[in-house]
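Colleague: quick one, what's the 3D model for this:
(one chain, ligands or ions: 2)
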Amino acid sequence: MSARPYVIDEMISAKEIAARIEALCRDIRHVFPADERLVVVGLLRGSFVFIADLVRELSDRDVEVDFLEASSYGDAMESSREVRILKDLRGKIEGRNVLVVEDIVDTGHTLNHVIHLLESRLPKQLRTIALLDKPSRREVDFRADYIGFEIPDEFVVGYGIDYAQGNRNLPFIGKVRFTGA
Ligand SMILES: O=P(O)(O)OC[C@H]1O[C@H](OP(=O)(O)OP(=O)(O)O)[C@H](O)[C@@H]1O
Ligand code: HPA
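Modeller: Ligands and ions are numbered 1, 2, ... in the order given. As a prediction, the model looks like this:
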């Protein structure tokens, strides 16, 4: 838990997120063949809420869900720039249609690292989707194929995203504002 007191100011409401997911899924349906299974890969832990809403919006498709756990922030607000794979996929992705789901792209190190790893397994088609993108913070040249919202350089929480492992269960995206000393 953080020692510094803070409040959370709402930035993106639950309603706005739901509407954006509907629109994103309309685009995704155009890209992946309707008659082939789609492997939706969530990057733990931050994507767990987003992937849950995304796959239910894609309930008209044959979807398999898998997870990969990557970590580079730990409890800090700054990336360590060292992406550790803590849990690998259960299934094989060679020759398959894959959608990688991320909560936020900040420096870009996490998704960049994961995509290189998964590309080496020779999927038929691999696309990435991130709910949030902070382009002003980018340290590696990476852009997700689908982006929910571009946001300014603020530390955000909620809808799966944490600060020191807290606040993942907020239904909206909020920014952390420190108060006092
Ligand atoms: O673009 P980057 O600067 O690499 O930051 C993005 C990553 O940081 C967070 O993960 P974290 O390492 O905090 O793990 P978590 O998903 O378990 O919270 C977030 O969930 C992204 O995966
Ligand atoms: O803004 C953020 N909030 C929480 N975790 C993060 N990991 C990268 N950026 C962020």
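
Colleague: where exactly do the helices run in this protein?
Modeller: Listed in chain order, the helices of the chain (DSSP state H) span 14-31, 48-57, 109-119.

Colleague: what residues sit buried inside the second one?
Modeller: So the one you mean is helix 48-57. For helix 48-57, burial by neighbour count (16 or more other C-beta atoms under 10 Å) applies to 48-51, 53-55, 57. All C-beta atoms are positioned from the backbone trio N, CA, C, and that covers glycine.

Colleague: tilt between that helix and helix 14-31?
Modeller: On the basis of axes from the mean of the first three to the mean of the last three C-alpha atoms, to 10 degrees, helix 48-57 is oriented at 60 degrees to helix 14-31.

Colleague: could you give the bridge partners of E150?
Modeller: Beta-bridge partners of E150, counted by DSSP bridges, are D133.

Colleague: what about V114, distance to ligand 2?
Modeller: 14 Å (C-beta to the nearest ligand atom, to the nearest Å).

Colleague: so who does that residue touch?
Modeller: 43, 68, 70, 83, 85, 100 (C-beta atoms under 8 Å, 6 or more residues apart in numbering).

Colleague: cool, and Y163?
Modeller: Counting by C-beta under 8 Å, 6+ apart, Y163 touches 2, 6, 77, 155, 157, 176.

Colleague: tell me the one of those residues nearest ligand 2?
Modeller: Taking C-beta to the nearest ligand atom as the measure, ligand 2 lies nearest F155 of the contacts of Y163, at 4.3 Å.

Colleague: what number of residues lie near the closest one?
Modeller: 16 (other C-beta atoms under 10 Å).

Colleague: beta partners for the residue nearest to it when sequence neighbours are not counted?
Modeller: Of all residues beyond its chain neighbours, the one nearest F155 is V176 (4.7 Å), with distances taken as C-beta to C-beta, 6 or more residues apart in numbering. V176 forms beta bridges with I8, as assigned by DSSP bridges.
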